[in-house]
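S.K.: Just the structure for this:
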Amino acid sequence: MKLLVVTGMSGAGKSLALKMLEDCGYETLDHVPHALLRAIANSTEQKRNLAIGVNVSAKDFSPKTFIEIVESLRANKALECKLVFLDSDDEMLSQRLQEIGEQHPLLPDRTIRDGIKYERDLLMPVRDTADMVIDSSDYEDLDLRKF
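M.R.: Next up is the predicted model:
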């Protein structure tokens, strides 16, 4: 079974990516706390390819723990696990968050730019361990059919 763990910057298009993967035949789950990844991925009931979206704005998110969980899933011989990290340039992330009228989910009491910088620093280790980094600044590049 293929397992795609999809994460990345807030506003980079994780939900859109999951919808596209669903159109490609994946079962998809969005906004899954990373603590539940192993249980979901190791379910004996799961036979179809699965894409799981993990948001860093979850209260319990820890980059170190998340990476450890992904590594354990990669080690599972029954799974073909890949970590997909969605990114975009800061200007586009800021624009997308402003368009939906939201503050940055990690720093709602600060500017969107401050939130983006904080999130980028927080997620650098996750991005560095990703099997694929997709820049969604231009959605034309967001073609997930090759999975």
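S.K.: distance of residue 16 from residue 31?
M.R.: The gap separating residue 16 from residue 31 is 14 Å, by C-beta to C-beta, to the nearest Å. Where C-beta positions appear, they are placed from N, C-alpha and C, glycine not excepted.
S.K.: now do residue 3
M.R.: Taken as C-beta to C-beta, the spacing of residue 3 relative to residue 31 amounts to 17 Å.
S.K.: more crowded one of the two?
M.R.: residue 3 (24 against 13; other C-beta atoms under 10 Å).
S.K.: bridging residues for residue 135?
M.R.: Under the criterion DSSP bridges, residue 135 forms beta bridges with residue 87.
S.K.: Could you tell me which residues within stretch 61-70 count as buried?
M.R.: If you call a residue buried by 16 or more other C-beta atoms under 10 Å, then stretch 61-70 has these buried ones: 61, 63, 66-67, 69-70.
S.K.: which pair in those residues spans the largest distance?
M.R.: Set against one another by C-beta to C-beta, those have their most distant pair in 61 and 70, with a gap of 12.8 Å.
S.K.: mind showing which ranges of this protein have poor pLDDT?
M.R.: Counting by pLDDT under 70, the chain shows low-confidence ranges at 44-46, 139-147.
S.K.: residues in contact with the closest residue to residue 129 other than its chain neighbours?
M.R.: The shortest distance from residue 129 to any residue that is not its chain neighbour, by C-beta to C-beta, 6 or more residues apart in numbering, is 5.5 Å, and that residue is residue 67. With contacts defined as C-beta atoms under 8 Å, 6 or more residues apart in numbering, residue 67 is in contact with 125-126, 129.
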